[in-house]
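# I need the structure of the sequence given here:
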Amino acid sequence: LWELDWWAKLSGQILAAGIMAWRGVQLITFPVGGVTLGSSRLSLFSTILVVLAVINAVNFVDGLDGLAAGIIGIGASAFFLYVYVLTRTTQPASYTSLAATVVAALVGICVGFLPHNFHPATIFMGDSGSMQLGLISAAGTIIVTGQIDPLSVEGTTAVPVFLPVIIPLAVLLLPLTDMMMAITRRTWAGHSPFHPDRMHMHHRLLAAGHSHRRAVLVMYVWAALISFSCAAMAFFPLPAVLVGAVVGVVAALAITVDMMPGVRQSWARRLGARHVRIRKETRR
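Numbering: from 1, shown residues only. I've put the predicted structure just below:
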């Protein structure tokens, strides 16, 4: 009913993060080395900071129909596989945990919403929806971090000690990268970090020649590649994961470039100009 200024939205985000932390969802330990945060205030501040970063990252990437729900749904699916298997390993008597339940609910939200939100959308997410996805993503990450011991996983795991940090970052890599680029770009130009522009990743894909749907699908491909490659480290040896990731990157690049009419036209112009130049040199 009323458009909110950026400071009002930020205040609401801080309030939501503070309530969540007050109710017990807090960063208490750091999974690498088991480092414990020194004080309750530091824990509260760190929790709110992480929640704000994730909420705004998801909100920043919500620029095309189905984009935010698809990226978060794909990443959360990879995260769920890791959390579920880790729970079964650390708690053999239980099939679930609070973290697995939260992440599973997040996947269900995205899967249920996508049919109505994919281009052309009949229901739009808006800031309320994207911020909610960010809040739940942050909650699942915080619950996993420090509450499940990854060192208890044995066998073919590659670098399990780092996975509670790597996987959430991988799941949110595209939104976080887009957010950091936007903040740097806008601040450098003398604008507010929340000043709107059309320089996000999805805008660049559209400018390069993608259609609306293809731009979204390209970002789906990259989100799946990054998140599932990191999750695979919990189940397969690191060399095998790296080989698969390299093959996936090559395939994703091929898909990205092949789906860019603008790039194809640019290559065609270059090849045509080269062909003309060769013909002229041959005649001489």
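
# and the strands in the chain, which stretches?
29-30, 35-36 (DSSP state E).

# least reliable of those strands by average pLDDT, please.
Taking the mean pLDDT of each of the strands of the chain, the lowest value is held by strand 35-36, a mean of 59.

# pull the number of nearby residues for Gly112.
Applying the criterion other CB atoms under 10 Å, we find 12 residues in the vicinity of Gly112. (Each C-beta comes from the backbone N, C-alpha and C, glycine too.)

# just the helices in the protein please.
Chain-ordered helices for the chain, with DSSP state H as the definition, fall at 6-22, 40-61, 67-90, 98-117, 126-144, 163-171, 173-188, 201-207, 212-232, 238-258, 261-283.

# tell me which of these is the most buried.
helix 67-90 (a mean of 23; mean count of other CB atoms under 10 Å).

# the inter-axis angle of it versus helix 126-144?
Counting by axes from the mean of the first three to the mean of the last three CA atoms, to 10 degrees, helix 67-90 lies at 20 degrees to helix 126-144.

# to Phe194, which of the helices of the chain lies closest?
Distances from Phe194 to each of these were compared using CB to CB; the shortest belongs to helix 6-22, at 3.9 Å.

# ok, and what's touching the closest one?
In this structure, residues lying in contact with helix 6-22 by CB atoms under 8 Å, 6 or more residues apart in numbering are 4, 43-44, 47-48, 51-52, 55-56, 127, 131, 135, 138-139, 192, 194.

# one more time with 6 Å, if that's ok
The set of residues external to helix 6-22 that reach it, using CB atoms under 6 Å, 6 or more residues apart in numbering, is Leu44, Thr47, Ile48, Val51, Leu52, Ile55, Phe194.

# what sits against the fifth one?
Residues touching Leu52, when contacts are defined by CB under 6 Å, 6+ apart, comprise Gln13.

# find me the pLDDT at it, would you?
pLDDT, Leu52: 91.

# over to the last one?
In this model, Phe194 is scored at 70, pLDDT.

# how close does the nearest residue to it once chain neighbours are set aside get to Gln13?
Leaving out its chain neighbours, the residue that sits closest to Phe194 by CB to CB, 6 or more residues apart in numbering is Trp6, at 3.9 Å. Computed with CB to CB, to the nearest Å, the distance linking Trp6 and Gln13 is 10 Å.

# likewise Val50?
As defined by CB to CB, Val50 lies at a distance of 12 Å from Gln13.

# same question for Ser227.
Counting by CB to CB, the gap between Ser227 and Gln13 amounts to 24 Å.

# so what pLDDT did the closest residue to Phe118 other than its chain neighbours get?
Once its chain neighbours are removed from consideration, Phe118 has its nearest residue in Gly66; the separation is 3.9 Å (CB to CB, 6+ apart). Model confidence at Gly66, given as pLDDT, is 88.

# could you give the number of residues near Gly66?
Residue crowding around Gly66 was assessed by other CB under 10 Å; the count is 26.

# mind listing what it touches?
Taking CB under 6 Å, 6+ apart as the contact definition, Gly66 lies against Leu114, Asn117, Phe118, Val216.

# at 7 Å instead, please
The contact partners of Gly66, by CB atoms under 7 Å, 6 or more residues apart in numbering, come to Leu114, Asn117, Phe118, His119, Ala121, Val216.

# state the distance from it to His119.
On the measure of CB to CB, Gly66 and His119 end up 6 Å apart.
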